[in-house]
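I would like to see how this sequence folds:
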Amino acid sequence: MPQLEVDAARLTYDDEGPRDGEAVPLVFVHGWTADRHRWDHQMSHFAKRRRVVRLDLRGHGESTGSGVRTIDALAKDVLALLDHLEIERFVIVGHSMGGMIAQTIALSHPERVERMVLVNTIGKMAYSRGRALLMAASTLVPFKLFMATNIQRAFAPGYPREEIREYVRASAETPREVVMTLYGAMRAFDVLDKVGEIRTPTLIVHGYHDIQLPLSQMLRMAKAYPDAVVRVVDAGHELPVEKPAELTTALDRFLTERA
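This next block holds a predicted model:
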C-alpha cells in the first residue's frame, strides 16, 4: 500500500496497470467522506490495459491529514501525487467533490488534462433560501445524525438498506474536522463562470435521482461547457456504487469514441 507525504498529510494511493501502452493514465478522485474504493469496478476493468491511479484524499480512507479549507488545496494534493508518480498528462475522473477537484485542475493546468469525466458533480452549490437554512441547521445536530442523514439521502429509492448502513458507518469514520471543513469548502465552491474556458473533451454523468447535487444544477453547469457529452443514469448521487458497470461502460465508450 504505497503512501506519499504531502503537507502534513500521508496520502494512500493505488498505481496499477501497464506502463508501456500509448494511452495516458486514468486518475480517479472520490467524493466527500468516501474513499478510493468507490472506484473498484473501474479499477479492475481499466487496469488490465492502461495505467490507473486512485487515492484516498487527505483525512479520508487510509490517508491521514486534517481538513483543508478549499477545493484548490485538495487539487494541489492530487497534483503533488501525480508529480511524484511522474505523470504529466492524464484523464481525470471525479465524483461529487472529486469532480470539483477535477474542474479545478482542468482550469489551472489545462495542458495536463487530456479528457475529463465528471460524475454527479456541479460547478457551483446553489440553494433556495429555505434549503440553505435547512443545510445550515443540519450542522448543529449530533455528528452521527448529520452523517447518517447526508449519506442515506445520497442513494436512489430502493437501494438495499443494509448496504446504505455500511456506507453510513464507513463515512462516519472520517474525522469530524475533515467532514465539516470540507463541507464548507464545497458550499463555497464556484467555477460556474469559468467552465466555459475548459476546452478539454468532457463527459458528464449524473444520477437522475440525485438530491444531493440535483440534476437541474448539473444541467446549468453543462450548458456552460463548450464541448461536453451528458449522460443521465437511473441512479442517485452515489452512482459509482449504485450503477458501477453502467458508469464503466459510459467511460469506456467516451474514451474510445473520442480517441
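
switch to C-alpha atoms for all contacts and neighbour counts from now on
Fine.

what comes into contact with the helix or strand hosting residue 251?
In this structure, residue 251 is located in helix 244-257 according to DSSP states H and E. Outside helix 244-257, the residues that touch it by CA atoms under 8 Å, 6 or more residues apart in numbering are 41-42, 45, 117, 203, 205, 239-240.

Pick the one among the residues you listed closest to residue 145.
Each of those was scored against residue 145 by CA to CA, and residue 239 proved nearest at 22.7 Å.

pretty sure residue 96 is in contact with residue 123, am I right?
No - using CA atoms under 8 Å, residue 96 is not in contact with residue 123, being 10.2 Å away.

picking up where we left off before, just the closest of the contacts of helix 244-257 to residue 19, please.
For the contacts of helix 244-257, the nearest to residue 19 is residue 45 (15.7 Å; CA to CA).

Give me the phi and psi for the nearest residue to residue 175 once chain neighbours are set aside.
Leaving aside its chain neighbours, residue 175 sits nearest to residue 59 (6.9 Å; criterion: CA to CA, 6 or more residues apart in numbering). Dihedral pair for residue 59: phi 80, psi 0, per degrees, to the nearest 10.

re earlier: which parts of the helix holding residue 251 are buried?
Neighbour counts using 16 or more other CA atoms under 10 Å place 244, 247-248, 250-251, 254-255 of helix 244-257 among the buried residues.

again, but for stretch 117-124
117-124.

How about the secondary structure of residue 92?
strand (DSSP: H, G, I helix; E, B strand; the rest coil).

Strands along the stretch 51-200 of the chain, start to end?
For the stretch 51-200 of the chain, the strands defined by DSSP state E, counting those that start in this stretch occupy 52-55, 90-95, 113-119.

So what angle separates the directions of the last one and helix 244-257?
For strand 113-119 against helix 244-257, the angle by axes from the mean of the first three to the mean of the last three CA atoms, to 10 degrees is 150 degrees.

CA atoms of strand 113-119 as CSV?
Taking C-alpha atoms only, strand 113-119 is exported to CSV below (Å, rounded to 0.1, in the frame of the first residue of the first chain):
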residue,chain,number,x,y,z
VAL,A,113,-5.7,17.1,-18.7
GLU,A,114,-6.4,15.1,-21.9
ARG,A,115,-10.0,14.3,-21.0
MET,A,116,-12.3,14.8,-18.0
VAL,A,117,-15.2,12.8,-16.6
LEU,A,118,-17.5,14.5,-14.1
VAL,A,119,-19.8,12.1,-12.1
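
Between strand 90-95 and it, find me the angle.
Interaxial angle, strand 113-119 versus strand 90-95 (the same axes, to 10 degrees): 10 degrees.

Since that was my last question, I'll sign off now.
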